[in-house]
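# Fold the stuff below for me.
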Amino acid sequence: MLRLFDKARRAAPLLAEISLMFFLIGLFFPVKTAQSLGWAGIVLSGLVSLFNRPQLGRNWAWVTACGLMLFAGWWGMQVSPEPQMSWRAFWGYQTIGKGMLCAMMLVSIQFSPIQIRRLLGFLLVMLIARNLAMMIYGYQHPVFLGGADYSNQILLLGYRSQGDHILVLFPFVLAAVFCWRKHINAALGLMVFEIALLASTGWRGAWLGFAGACLLLLVLFRAWRILAGLVIGALSVGAISLLASADNIVALAIKRGFGDSQRAETVWRPVLDMISQSGWQGYGFGQARYLELIAAYSSAHQEKNIPIYGDAHNMVLNFAMAAGWLGALAFVAVVTSGIVLCLQRLRDKNLLPEQSILLAGTAAGWLGTYGLLGLTDQPHYNNLAVLAVLTSVALASNREVNPA
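A predicted model of the protein is given here:
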(Lines give C-alpha, C1' and ligand atoms only; values in the text may rest on other atoms or scores of the structure.)
Protein backbone atom coordinates (compact mmCIF):
# COMPACT_ATOMS: atom_id res chain seq x y z
CA MET A 1 0.00 0.00 0.00
CA LEU A 2 2.80 2.38 0.89
CA ARG A 3 4.63 1.51 -2.33
CA LEU A 4 1.48 2.24 -4.34
CA PHE A 5 1.04 5.59 -2.60
CA ASP A 6 4.70 6.44 -3.25
CA LYS A 7 4.23 5.74 -6.98
CA ALA A 8 1.13 7.92 -7.02
CA ARG A 9 3.02 10.70 -5.27
CA ARG A 10 5.83 10.59 -7.84
CA ALA A 11 3.34 10.61 -10.71
CA ALA A 12 1.36 13.53 -9.24
CA PRO A 13 3.32 16.36 -10.97
CA LEU A 14 2.86 14.77 -14.41
CA LEU A 15 -0.83 14.12 -13.74
CA ALA A 16 -1.19 17.71 -12.57
CA GLU A 17 0.49 19.04 -15.71
CA ILE A 18 -1.71 17.04 -18.08
CA SER A 19 -4.84 17.83 -16.08
CA LEU A 20 -3.97 21.54 -15.99
CA MET A 21 -3.74 21.65 -19.79
CA PHE A 22 -7.10 19.90 -20.11
CA PHE A 23 -8.58 22.35 -17.63
CA LEU A 24 -7.21 25.36 -19.53
CA ILE A 25 -8.55 24.03 -22.84
CA GLY A 26 -11.94 23.65 -21.19
CA LEU A 27 -11.76 27.26 -20.00
CA PHE A 28 -10.55 28.95 -23.19
CA PHE A 29 -12.80 26.84 -25.41
CA PRO A 30 -16.03 25.86 -23.61
CA VAL A 31 -15.40 22.11 -23.69
CA LYS A 32 -17.08 20.69 -20.59
CA THR A 33 -15.52 17.26 -20.91
CA ALA A 34 -11.97 18.67 -20.98
CA GLN A 35 -12.75 21.03 -18.12
CA SER A 36 -14.24 18.25 -15.97
CA LEU A 37 -11.37 15.85 -16.62
CA GLY A 38 -8.89 18.62 -15.93
CA TRP A 39 -10.19 19.80 -12.59
CA ALA A 40 -10.79 16.24 -11.38
CA GLY A 41 -7.17 15.32 -12.22
CA ILE A 42 -5.85 18.46 -10.52
CA VAL A 43 -7.79 17.74 -7.34
CA LEU A 44 -6.60 14.12 -7.31
CA SER A 45 -2.94 15.02 -7.84
CA GLY A 46 -3.21 17.78 -5.25
CA LEU A 47 -4.64 15.45 -2.63
CA VAL A 48 -1.90 12.90 -3.26
CA SER A 49 0.79 15.58 -2.88
CA LEU A 50 -0.87 17.45 -0.01
CA PHE A 51 1.16 15.84 2.78
CA ASN A 52 4.42 15.76 0.85
CA ARG A 53 5.13 19.44 0.18
CA PRO A 54 5.41 22.47 2.49
CA GLN A 55 3.92 24.75 -0.17
CA LEU A 56 0.58 25.27 1.59
CA GLY A 57 2.17 26.78 4.67
CA ARG A 58 4.56 28.94 2.69
CA ASN A 59 1.74 30.27 0.52
CA TRP A 60 -0.81 30.70 3.30
CA ALA A 61 -1.88 34.18 2.08
CA TRP A 62 -2.80 32.88 -1.38
CA VAL A 63 -4.54 29.80 0.01
CA THR A 64 -6.51 32.05 2.38
CA ALA A 65 -7.62 34.30 -0.49
CA CYS A 66 -8.82 31.30 -2.50
CA GLY A 67 -10.59 29.89 0.54
CA LEU A 68 -12.29 33.23 1.14
CA MET A 69 -13.60 33.17 -2.43
CA LEU A 70 -15.00 29.67 -1.92
CA PHE A 71 -16.69 30.87 1.26
CA ALA A 72 -18.17 33.80 -0.69
CA GLY A 73 -19.62 31.26 -3.11
CA TRP A 74 -21.27 29.45 -0.21
CA TRP A 75 -22.57 32.75 1.16
CA GLY A 76 -24.04 33.66 -2.22
CA MET A 77 -26.05 30.45 -2.05
CA GLN A 78 -27.37 31.40 1.41
CA VAL A 79 -28.64 34.84 0.35
CA SER A 80 -30.08 33.74 -3.01
CA PRO A 81 -33.81 32.92 -3.24
CA GLU A 82 -32.72 30.09 -5.56
CA PRO A 83 -29.65 28.57 -3.88
CA GLN A 84 -29.11 25.88 -6.49
CA MET A 85 -29.04 28.44 -9.32
CA SER A 86 -26.42 30.49 -7.46
CA TRP A 87 -24.33 27.39 -6.72
CA ARG A 88 -24.47 26.22 -10.35
CA ALA A 89 -23.42 29.66 -11.57
CA PHE A 90 -20.51 29.83 -9.12
CA TRP A 91 -19.22 26.33 -9.89
CA GLY A 92 -20.45 25.77 -13.43
CA TYR A 93 -21.10 28.73 -15.72
CA GLN A 94 -18.69 31.15 -14.05
CA THR A 95 -16.19 28.39 -13.06
CA ILE A 96 -15.11 30.43 -10.02
CA GLY A 97 -15.44 27.58 -7.56
CA LYS A 98 -13.57 25.10 -9.76
CA GLY A 99 -10.79 27.61 -10.36
CA MET A 100 -10.28 28.38 -6.67
CA LEU A 101 -10.39 24.72 -5.63
CA CYS A 102 -7.87 23.77 -8.34
CA ALA A 103 -5.66 26.67 -7.28
CA MET A 104 -5.63 25.41 -3.68
CA MET A 105 -4.71 21.91 -4.85
CA LEU A 106 -1.92 23.07 -7.18
CA VAL A 107 -0.14 24.90 -4.37
CA SER A 108 0.94 21.49 -3.04
CA ILE A 109 2.63 20.53 -6.35
CA GLN A 110 6.00 21.81 -7.53
CA PHE A 111 6.41 21.81 -11.32
CA SER A 112 9.86 21.17 -12.78
CA PRO A 113 11.56 23.72 -15.09
CA ILE A 114 10.82 21.50 -18.10
CA GLN A 115 7.16 21.30 -17.09
CA ILE A 116 6.97 25.07 -16.77
CA ARG A 117 8.59 25.45 -20.16
CA ARG A 118 5.99 23.13 -21.68
CA LEU A 119 3.25 25.08 -19.92
CA LEU A 120 4.54 28.35 -21.37
CA GLY A 121 4.57 26.83 -24.85
CA PHE A 122 1.02 25.62 -24.28
CA LEU A 123 -0.08 29.16 -23.30
CA LEU A 124 1.39 30.45 -26.57
CA VAL A 125 -0.61 27.84 -28.47
CA MET A 126 -3.75 28.93 -26.61
CA LEU A 127 -3.07 32.57 -27.54
CA ILE A 128 -2.71 31.71 -31.23
CA ALA A 129 -5.79 29.48 -31.18
CA ARG A 130 -7.94 32.12 -29.49
CA ASN A 131 -6.64 34.75 -31.94
CA LEU A 132 -7.70 32.55 -34.86
CA ALA A 133 -11.14 31.97 -33.34
CA MET A 134 -11.58 35.70 -32.86
CA MET A 135 -10.45 36.48 -36.41
CA ILE A 136 -12.84 33.91 -37.86
CA TYR A 137 -15.72 35.46 -35.94
CA GLY A 138 -14.65 38.93 -37.07
CA TYR A 139 -14.50 37.79 -40.70
CA GLN A 140 -17.95 36.24 -40.47
CA HIS A 141 -19.37 39.35 -38.78
CA PRO A 142 -17.31 42.40 -39.87
CA VAL A 143 -18.64 44.60 -37.08
CA PHE A 144 -15.37 46.48 -36.58
CA LEU A 145 -15.36 47.92 -40.12
CA GLY A 146 -18.66 49.73 -39.77
CA GLY A 147 -20.49 47.21 -41.95
CA ALA A 148 -24.09 46.06 -41.80
CA ASP A 149 -23.42 43.95 -38.70
CA TYR A 150 -22.13 46.95 -36.76
CA SER A 151 -25.65 47.98 -35.76
CA ASN A 152 -26.32 44.51 -34.33
CA GLN A 153 -25.31 44.90 -30.69
CA ILE A 154 -25.31 41.16 -30.02
CA LEU A 155 -22.81 40.51 -32.83
CA LEU A 156 -20.78 43.55 -31.84
CA LEU A 157 -20.49 42.45 -28.22
CA GLY A 158 -19.88 38.87 -29.32
CA TYR A 159 -16.77 40.04 -31.16
CA ARG A 160 -15.60 42.62 -28.64
CA SER A 161 -15.84 40.39 -25.59
CA GLN A 162 -13.37 37.89 -27.08
CA GLY A 163 -10.45 40.27 -26.72
CA ASP A 164 -9.76 39.74 -23.02
CA HIS A 165 -7.77 36.55 -23.71
CA ILE A 166 -5.00 38.80 -25.04
CA LEU A 167 -4.62 40.46 -21.64
CA VAL A 168 -4.35 37.08 -19.94
CA LEU A 169 -1.96 35.31 -22.32
CA PHE A 170 0.27 37.81 -24.11
CA PRO A 171 2.14 38.91 -20.93
CA PHE A 172 3.72 35.44 -20.76
CA VAL A 173 5.09 35.88 -24.29
CA LEU A 174 6.54 39.28 -23.44
CA ALA A 175 8.04 38.05 -20.17
CA ALA A 176 9.61 35.07 -21.97
CA VAL A 177 11.32 37.34 -24.49
CA PHE A 178 12.75 39.52 -21.73
CA CYS A 179 14.04 36.57 -19.68
CA TRP A 180 15.40 34.42 -22.49
CA ARG A 181 16.39 37.34 -24.74
CA LYS A 182 15.45 35.37 -27.84
CA HIS A 183 13.10 35.98 -30.76
CA ILE A 184 12.68 39.64 -29.85
CA ASN A 185 11.69 40.71 -33.37
CA ALA A 186 9.09 37.94 -33.61
CA ALA A 187 7.65 38.97 -30.24
CA LEU A 188 7.48 42.61 -31.31
CA GLY A 189 5.66 41.59 -34.48
CA LEU A 190 3.22 39.59 -32.38
CA MET A 191 2.75 42.59 -30.09
CA VAL A 192 1.83 44.79 -33.05
CA PHE A 193 -0.63 42.14 -34.22
CA GLU A 194 -2.22 41.85 -30.76
CA ILE A 195 -2.50 45.63 -30.55
CA ALA A 196 -4.27 45.73 -33.92
CA LEU A 197 -6.56 42.83 -32.97
CA LEU A 198 -7.41 44.40 -29.63
CA ALA A 199 -7.91 47.79 -31.26
CA SER A 200 -10.50 46.27 -33.59
CA THR A 201 -12.71 45.49 -30.60
CA GLY A 202 -13.17 49.15 -29.66
CA TRP A 203 -12.94 47.99 -26.04
CA ARG A 204 -11.33 50.95 -24.28
CA GLY A 205 -11.07 49.18 -20.94
CA ALA A 206 -9.19 46.32 -22.59
CA TRP A 207 -6.85 48.81 -24.23
CA LEU A 208 -6.08 50.24 -20.79
CA GLY A 209 -5.59 46.79 -19.33
CA PHE A 210 -3.25 45.68 -22.11
CA ALA A 211 -1.20 48.87 -21.79
CA GLY A 212 -0.97 48.44 -18.01
CA ALA A 213 0.09 44.80 -18.23
CA CYS A 214 2.77 45.54 -20.82
CA LEU A 215 3.96 48.61 -18.92
CA LEU A 216 4.44 46.55 -15.76
CA LEU A 217 6.62 44.04 -17.62
CA LEU A 218 8.55 46.73 -19.48
CA VAL A 219 9.38 48.48 -16.21
CA LEU A 220 10.22 45.21 -14.40
CA PHE A 221 12.70 44.23 -17.11
CA ARG A 222 13.76 47.82 -17.96
CA ALA A 223 12.94 47.42 -21.65
CA TRP A 224 12.76 51.11 -22.50
CA ARG A 225 13.23 50.74 -26.27
CA ILE A 226 10.35 48.30 -26.51
CA LEU A 227 8.26 50.66 -24.41
CA ALA A 228 8.88 53.35 -27.00
CA GLY A 229 7.90 50.89 -29.74
CA LEU A 230 4.68 50.05 -27.91
CA VAL A 231 3.73 53.72 -27.68
CA ILE A 232 4.55 54.33 -31.34
CA GLY A 233 2.62 51.21 -32.40
CA ALA A 234 -0.47 52.20 -30.41
CA LEU A 235 -0.41 55.74 -31.79
CA SER A 236 0.03 54.43 -35.33
CA VAL A 237 -2.98 52.12 -35.05
CA GLY A 238 -5.06 55.01 -33.74
CA ALA A 239 -3.94 57.39 -36.47
CA ILE A 240 -4.54 54.86 -39.26
CA SER A 241 -8.01 54.10 -37.92
CA LEU A 242 -8.96 57.77 -37.76
CA LEU A 243 -7.69 58.40 -41.29
CA ALA A 244 -9.31 55.26 -42.74
CA SER A 245 -12.90 56.18 -41.95
CA ALA A 246 -15.05 58.01 -39.44
CA ASP A 247 -17.30 55.10 -38.53
CA ASN A 248 -14.93 52.18 -37.87
CA ILE A 249 -15.02 50.87 -34.31
CA VAL A 250 -11.55 52.15 -33.37
CA ALA A 251 -12.25 55.69 -34.53
CA LEU A 252 -15.57 55.78 -32.68
CA ALA A 253 -13.94 54.51 -29.48
CA ILE A 254 -11.18 57.13 -29.71
CA LYS A 255 -13.74 59.88 -30.21
CA ARG A 256 -15.51 58.81 -27.00
CA GLY A 257 -12.29 59.66 -25.21
CA PHE A 258 -11.76 58.86 -21.53
CA GLY A 259 -15.34 59.36 -20.43
CA ASP A 260 -17.15 56.74 -18.36
CA SER A 261 -20.05 56.50 -20.86
CA GLN A 262 -22.37 57.48 -17.99
CA ARG A 263 -21.47 54.35 -16.06
CA ALA A 264 -21.28 56.20 -12.75
CA GLU A 265 -24.85 57.49 -12.86
CA THR A 266 -26.73 54.87 -14.85
CA VAL A 267 -24.91 51.66 -13.86
CA TRP A 268 -22.74 51.93 -10.77
CA ARG A 269 -25.00 54.12 -8.64
CA PRO A 270 -28.08 51.91 -9.14
CA VAL A 271 -25.99 48.82 -8.34
CA LEU A 272 -24.71 50.41 -5.12
CA ASP A 273 -28.29 51.31 -4.26
CA MET A 274 -29.41 47.70 -4.74
CA ILE A 275 -26.50 46.36 -2.70
CA SER A 276 -27.32 48.70 0.18
CA GLN A 277 -30.96 47.58 0.04
CA SER A 278 -29.79 44.01 0.66
CA GLY A 279 -27.95 45.14 3.78
CA TRP A 280 -24.68 44.54 1.92
CA GLN A 281 -25.38 40.80 1.95
CA GLY A 282 -25.81 40.33 -1.81
CA TYR A 283 -28.36 38.43 -3.85
CA GLY A 284 -26.60 35.33 -5.18
CA PHE A 285 -24.41 34.46 -8.16
CA GLY A 286 -25.53 34.23 -11.78
CA GLN A 287 -26.30 36.60 -14.64
CA ALA A 288 -29.98 35.59 -14.64
CA ARG A 289 -30.29 36.79 -11.04
CA TYR A 290 -28.57 40.08 -11.86
CA LEU A 291 -30.80 40.71 -14.89
CA GLU A 292 -33.87 40.05 -12.78
CA LEU A 293 -32.77 42.59 -10.17
CA ILE A 294 -31.69 45.34 -12.56
CA ALA A 295 -34.88 44.96 -14.61
CA ALA A 296 -36.99 45.37 -11.46
CA TYR A 297 -34.94 48.38 -10.37
CA SER A 298 -35.20 50.01 -13.81
CA SER A 299 -38.96 49.48 -13.84
CA ALA A 300 -39.32 51.01 -10.37
CA HIS A 301 -37.22 54.07 -11.33
CA GLN A 302 -38.33 54.82 -14.86
CA GLU A 303 -37.44 58.49 -14.48
CA LYS A 304 -33.74 57.54 -14.26
CA ASN A 305 -33.68 55.68 -17.62
CA ILE A 306 -31.57 52.88 -16.19
CA PRO A 307 -30.23 50.63 -18.99
CA ILE A 308 -30.50 46.88 -18.49
CA TYR A 309 -27.04 45.40 -18.91
CA GLY A 310 -25.96 41.88 -18.07
CA ASP A 311 -23.43 43.00 -15.44
CA ALA A 312 -22.38 45.95 -13.31
CA HIS A 313 -19.41 46.87 -15.55
CA ASN A 314 -17.18 46.59 -12.49
CA MET A 315 -15.96 43.31 -11.03
CA VAL A 316 -15.94 44.54 -7.43
CA LEU A 317 -19.59 45.53 -7.78
CA ASN A 318 -20.41 42.24 -9.55
CA PHE A 319 -19.10 40.25 -6.60
CA ALA A 320 -20.76 42.61 -4.13
CA MET A 321 -24.11 42.05 -5.88
CA ALA A 322 -23.55 38.30 -5.67
CA ALA A 323 -22.21 37.96 -2.13
CA GLY A 324 -22.28 41.41 -0.55
CA TRP A 325 -19.26 42.94 1.15
CA LEU A 326 -17.83 39.42 1.59
CA GLY A 327 -17.87 38.83 -2.17
CA ALA A 328 -16.21 42.18 -2.87
CA LEU A 329 -13.56 41.49 -0.23
CA ALA A 330 -12.88 38.02 -1.64
CA PHE A 331 -12.42 39.35 -5.18
CA VAL A 332 -10.08 42.14 -4.06
CA ALA A 333 -8.11 39.68 -1.92
CA VAL A 334 -7.62 37.24 -4.81
CA VAL A 335 -6.56 39.89 -7.34
CA THR A 336 -4.33 41.82 -4.93
CA SER A 337 -2.59 38.74 -3.56
CA GLY A 338 -2.14 37.36 -7.07
CA ILE A 339 -0.27 40.49 -8.10
CA VAL A 340 1.64 41.26 -4.89
CA LEU A 341 2.77 37.72 -4.07
CA CYS A 342 4.06 37.07 -7.59
CA LEU A 343 5.98 40.34 -7.60
CA GLN A 344 7.45 39.56 -4.18
CA ARG A 345 8.68 36.15 -5.34
CA LEU A 346 10.37 37.78 -8.32
CA ARG A 347 12.87 39.27 -5.86
CA ASP A 348 14.32 35.80 -5.26
CA LYS A 349 17.78 35.78 -6.83
CA ASN A 350 17.76 31.99 -7.20
CA LEU A 351 14.85 31.86 -9.62
CA LEU A 352 15.26 30.05 -12.90
CA PRO A 353 14.18 31.95 -16.06
CA GLU A 354 11.11 29.73 -16.46
CA GLN A 355 9.97 30.59 -12.96
CA SER A 356 10.54 34.33 -13.47
CA ILE A 357 8.51 34.24 -16.68
CA LEU A 358 5.60 32.52 -14.99
CA LEU A 359 5.62 34.89 -12.01
CA ALA A 360 5.95 38.07 -14.08
CA GLY A 361 3.37 36.99 -16.67
CA THR A 362 0.86 36.04 -13.99
CA ALA A 363 1.24 39.34 -12.13
CA ALA A 364 0.81 41.29 -15.38
CA GLY A 365 -2.18 39.16 -16.37
CA TRP A 366 -3.93 39.92 -13.07
CA LEU A 367 -3.18 43.63 -13.34
CA GLY A 368 -4.37 44.03 -16.92
CA THR A 369 -7.42 41.76 -16.84
CA TYR A 370 -8.95 42.39 -13.43
CA GLY A 371 -6.91 45.21 -11.91
CA LEU A 372 -7.63 47.60 -14.80
CA LEU A 373 -10.19 46.22 -17.26
CA GLY A 374 -12.18 44.81 -14.34
CA LEU A 375 -12.73 48.31 -12.97
CA THR A 376 -14.81 49.43 -15.95
CA ASP A 377 -16.19 46.21 -17.41
CA GLN A 378 -16.60 42.47 -16.90
CA PRO A 379 -13.86 40.23 -18.30
CA HIS A 380 -14.97 36.63 -18.68
CA TYR A 381 -15.13 34.77 -15.38
CA ASN A 382 -13.18 31.87 -16.89
CA ASN A 383 -10.10 34.12 -16.87
CA LEU A 384 -10.37 34.28 -13.09
CA ALA A 385 -9.94 30.50 -12.95
CA VAL A 386 -7.10 30.62 -15.52
CA LEU A 387 -5.08 33.17 -13.57
CA ALA A 388 -5.83 31.49 -10.24
CA VAL A 389 -4.35 28.13 -11.27
CA LEU A 390 -1.36 29.78 -12.96
CA THR A 391 -0.73 31.79 -9.79
CA SER A 392 -0.56 28.59 -7.74
CA VAL A 393 1.88 26.96 -10.18
CA ALA A 394 4.02 30.10 -10.15
CA LEU A 395 4.08 30.42 -6.34
CA ALA A 396 4.70 26.72 -5.72
CA SER A 397 7.54 26.52 -8.27
CA ASN A 398 9.83 29.26 -7.10
CA ARG A 399 12.82 27.26 -5.91
CA GLU A 400 15.94 26.50 -7.89
CA VAL A 401 15.78 22.76 -7.17
CA ASN A 402 12.58 21.23 -8.59
CA PRO A 403 11.56 17.61 -9.11
CA ALA A 404 12.29 16.18 -12.55
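# Name the SS class of the residue nearest to Arg263 when sequence neighbours are not counted, please.
Nearest non-adjacent residue to Arg263, counting by Cβ to Cβ, 6 or more residues apart in numbering: His313, 5.5 Å away. From N, CA and C alone the C-beta is placed, and that goes for glycine too. Here His313 takes the coil state, with states given by DSSP: H, G, I helix; E, B strand; the rest coil.
# ok, and the helix or strand in this structure with the lowest average confidence?
helix 249-256 (a mean of 52; mean pLDDT, DSSP states H and E).
# Next secondary structure after it?
helix 263 (DSSP states H and E).
# pLDDT below threshold where in this protein?
Residue ranges of the chain with pLDDT under 70: 1-9, 51-57, 142-153, 155, 224-262, 398-404.
# Pull the number of nearby residues for Arg347.
8 (other Cβ atoms under 10 Å).
# Would you mind giving the secondary structure of it?
Secondary structure, three-state DSSP: Arg347 is coil.
# For it, grab phi and psi.
Dihedral pair for Arg347: phi -80, psi -10, per degrees, to the nearest 10.
# cool, Thr95 as well?
Main-chain torsions, Thr95, degrees, to the nearest 10: phi 60, psi 20.
# residues contacting it?
The neighbourhood of Thr95, defined by Cβ atoms under 8 Å, 6 or more residues apart in numbering, consists of 27, 35, 381-382, 384-385.
# so how far is Phe22 from it?
According to Cβ to Cβ, to the nearest Å, Thr95 stands 14 Å off from Phe22.
# quick one: common contacting residues for those two?
Common contacts of Thr95 and Phe22, defined by Cβ under 8 Å, 6+ apart, comprise Gln35.
# ok so, going back, which of the contacts of Thr95 sits closest to Leu190?
Relative to Leu190, the closest of the contacts of Thr95 is Leu27; by Cβ to Cβ it sits at 21.8 Å.
# Which strand or helix spans the closest one?
Using DSSP H and E, Leu27 sits in helix 2-28.
# The residue nearest to Arg263: what's it in contact with?
Applying Cβ under 8 Å, 6+ apart, we find His313 in contact with 263, 267-268, 376-378.
# ok, now with 7 Å
By Cβ atoms under 7 Å, 6 or more residues apart in numbering, the contact set of His313 is 263, 267, 376-378.
# And Gly205, by the same measure?
Counting by Cβ under 7 Å, 6+ apart, Gly205 makes contact with 373, 376-377.
# Apply 10 Å and report the result again.
The contact partners of Gly205, by Cβ atoms under 10 Å, 6 or more residues apart in numbering, come to 163-164, 167, 313, 372-379.
# are any of the residues you listed buried, and which?
163-164, 167, 313, 372-374, 376-379 (16 or more other Cβ atoms under 10 Å).
# Kindly reformat those as CSV and extend each row with distance to Trp325.
Shown next, in CSV, are the buried ones among the contacts of Gly205 (distance: Cβ to Cβ, whole Å):
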residue, distance to Trp325
Gly163, 31
Asp164, 26
Leu167, 27
His313, 19
Leu372, 23
Leu373, 23
Gly374, 18
Thr376, 21
Asp377, 22
Gln378, 19
Pro379, 22
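# and which of those residues is nearest to Pro307?
His313 (10.2 Å).
# That closest one and Val267: what is the separation?
Separation of His313 from Val267 (Cβ to Cβ) stands at 5 Å.
# Kindly report the same for Ile357.
37 Å.
# Those two: who's more crowded?
Taking other Cβ under 10 Å, Ile357 and Val267 do not tie; Ile357 has more neighbours (27 against 22).
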